[in-house]
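**Q** fold the following, please.
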Amino acid sequence: MYLNKVILIGNLTRDPELKAIPSGTKVCTFSIATNRTYKDKDGKKQEIVEYHNIVVFARIAELVAQYLKKGSQAYVEGRLQTRSWEQNGEKKYRTEIVAETVQFGSRPTGGSSSASATKGNDKTAGSPASAPSGSIEYPTEEINPDDIPF
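**A** Got it, this is the predicted structure:
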């Protein structure tokens, strides 16, 4: 049995970049920073920051580019993939996370978004544009996450 699964929660370090490959499929790349705190041997609190390169395809790529910005919090679930290429006679490598699920956390302005994107799911929860007309009415005021009881 083999398993290649990555789960991250972090903040975007830059705005997502949306491009299209020759087949027409949309590709979005962005980076997430995660941190880990620990106490060193002297008892002092230390913090290590890791940066992760993320790649998403198709409809998820479009949603990420539309809703996420630098500083946004995101939950990413996917798999590790290393690709290689040759540049100026030198072999280069890049390890990335190919995301299958992206859930949007708080916005850099302090608000929150309940929108999420999953492979094979073209709907965004909490987005009035995704609901058929007349089916669901969404509140217009901002929802404070501290008011949610769970």
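**Q** count of residues packed around the nearest residue to Val49 once chain neighbours are set aside?
**A** Among residues not flanking Val49 along the chain, Asn35 sits closest, at 4.9 Å (C-beta to C-beta, 6 or more residues apart in numbering). (Each C-beta comes from the backbone N, C-alpha and C, glycine too.) By other C-beta atoms under 10 Å, 10 other residues sit near Asn35.
**Q** look up how far Gln73 lies from Asn35.
**A** For Asn35, the distance to Gln73 (C-beta to C-beta, to the nearest Å) stands at 12 Å.
**Q** same deal with Ala65?
**A** Here Ala65 is placed at a distance of 16 Å from Gln73 (C-beta to C-beta).
**Q** for the residue lying farthest from the centre of the chain, helix, strand, or coil?
**A** Largest separation from the mean C-alpha position in the chain: Asp42, at 35.8 Å (C-alpha atoms, centre = their mean). Judged by DSSP: H, G, I helix; E, B strand; the rest coil, the three-state class of Asp42 is coil.
**Q** roughly how far apart are it and Ile48?
**A** The gap separating Asp42 from Ile48 is 16 Å, by C-beta to C-beta.
**Q** residue ranges with poor pLDDT in this protein?
**A** 107-145, 147-150 (pLDDT under 70).
**Q** what segments of it are helices?
**A** For the chain, the helices defined by DSSP state H cover 58-67.
**Q** show me where it has strands.
**A** 6-12, 17-20, 26-39, 45-57, 73-87, 90-104, 116-118 (DSSP state E).
**Q** would you reformat these as a markdown table and include distance to Asp146?
**A** Output for the strands of the chain, formatted as a markdown table (distance: least, C-beta to C-beta, whole Å):
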| stretch | distance to Asp146 |
| --- | --- |
| strand 6-12 | 18 |
| strand 17-20 | 33 |
| strand 26-39 | 23 |
| strand 45-57 | 25 |
| strand 73-87 | 15 |
| strand 90-104 | 18 |
| strand 116-118 | 20 |
